[in-house]
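Chemist: what's the 3D shape of this:
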Amino acid sequence: MFEIKDTDGSARTGFLKLGRKRIKTPFFMPVATRATIKAITSDEAEKIGVECLIANSFLLSLTPGVETISKLGGLHRFMNFSKGIFTDSGGFQVLNKNFLLKKSHEGVLFKNPYTGEKKIYTPNLCMQNQLHLGSDVAMALDDVAHHGLDIKSYTDAIKRTHFWAKECLKEHELLKKEYSSKQLLFGICQGGIRQNYREFSTLKINKMNFDGYALGGLVIGETREELFSSVKAAIDNFDRHKVKYLMGLGSPTDIVRSVGFGVDCFDSTYPTQNARHGSLLTDTGRVRILSKKYKDDENPIMENCRCKVCKNYSR
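Modeler: The predicted structure is shown next:
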């Protein structure tokens, strides 16, 4: 499932096995929330070397719907993407004020923004959706406590996350047997930036024997030092022989630093969002392409780059 090849301190390289696919670690996943990466086609993603991406099972369940995607052959055929696909549970989105009506151990009562219908979103439904979407890796439903909330909000979120994790594991195991599925399931720890809470949640999730582990509830407003102290607190308490996934992190310098702690995979809207706003990353630093100084500049964005853009378009 996960094979470590080389190590340097806590950093390591290896392979995550997803059926017949072998994904080199560490790797970064572009976000394809609704089964598409913004401004990039699936074949373009494969051409530039994207080995894995992540879609949002909750939002896809609202439209076009799990049944529709399943009938069309699952996410890989629906997207025409042959590499690895993770699906997020949607826990972060479902707790958004635009969706959330009420949450409890049973699940989340939400309002469908497209139809106005009220519906309960449970750990079992979360697992069913992800299995029928056909992703390679499913994520357990978690309760995200947003940055800066009171202690009770954090403890409630942790308790729900742990309860939902157990329910997800039970349902996923039953579904895998029923459908002869090889889909992996990753658990998510919470705890915000409170080190004792983060350590507690990590130890609890680690004992549940998921296929891999994710660090949730970070990169949502904390300082970089708070972020990395939380990452270290979690990493030190996870099984080193399983994949560790830091959710929502996309800055290249932050990724390098996190790899040094032992993180194996990442996802973020960072690259596509920055590019859409004219902020381009090159070997010599950031290029803010909307700056007036580039108005008549006929040079490529990055000298000696052989990518499609730099070969065909000027600044």
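
Chemist: please enumerate the helices of this structure.
Modeler: With helices called from DSSP state H, the chain shows them at 42-47, 57-62, 66-71, 74-79, 91-94, 123-133, 151-179, 195-206, 224-235, 252-261, 270-276, 308-312.

Chemist: burial count for residue 4?
Modeler: Number of residues near residue 4 (other C-beta atoms under 10 Å) recorded here: 15. From N, CA and C alone the C-beta is placed, and that goes for glycine too.

Chemist: just residue 114 next, same as before
Modeler: Number of residues near residue 114 (other C-beta under 10 Å) recorded here: 8.

Chemist: wait, it touches residue 65, no?
Modeler: No: Residue 114 is not in contact with residue 65 according to C-beta atoms under 8 Å; the separation is 10.5 Å.

Chemist: list residues touching both of those two?
Modeler: Common neighbours of residue 114 and residue 65, counting by C-beta atoms under 8 Å, 6 or more residues apart in numbering, are absent.

Chemist: burial check on residue 169, number of neighbours?
Modeler: 18.

Chemist: that older thread, got JSON lines for the helices of the chain, with mean pLDDT and distance to residue 187 too?
Modeler: Output for these, formatted as JSON lines (pLDDT from 0 to 100; distance: least, C-beta to C-beta, whole Å):
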{"stretch": "helix 42-47", "mean pLDDT": "94", "distance to residue 187": "27"}
{"stretch": "helix 57-62", "mean pLDDT": "96", "distance to residue 187": "16"}
{"stretch": "helix 66-71", "mean pLDDT": "98", "distance to residue 187": "22"}
{"stretch": "helix 74-79", "mean pLDDT": "98", "distance to residue 187": "21"}
{"stretch": "helix 91-94", "mean pLDDT": "82", "distance to residue 187": "12"}
{"stretch": "helix 123-133", "mean pLDDT": "98", "distance to residue 187": "12"}
{"stretch": "helix 151-179", "mean pLDDT": "95", "distance to residue 187": "5"}
{"stretch": "helix 195-206", "mean pLDDT": "94", "distance to residue 187": "4"}
{"stretch": "helix 224-235", "mean pLDDT": "94", "distance to residue 187": "12"}
{"stretch": "helix 252-261", "mean pLDDT": "96", "distance to residue 187": "19"}
{"stretch": "helix 270-276", "mean pLDDT": "92", "distance to residue 187": "24"}
{"stretch": "helix 308-312", "mean pLDDT": "92", "distance to residue 187": "39"}
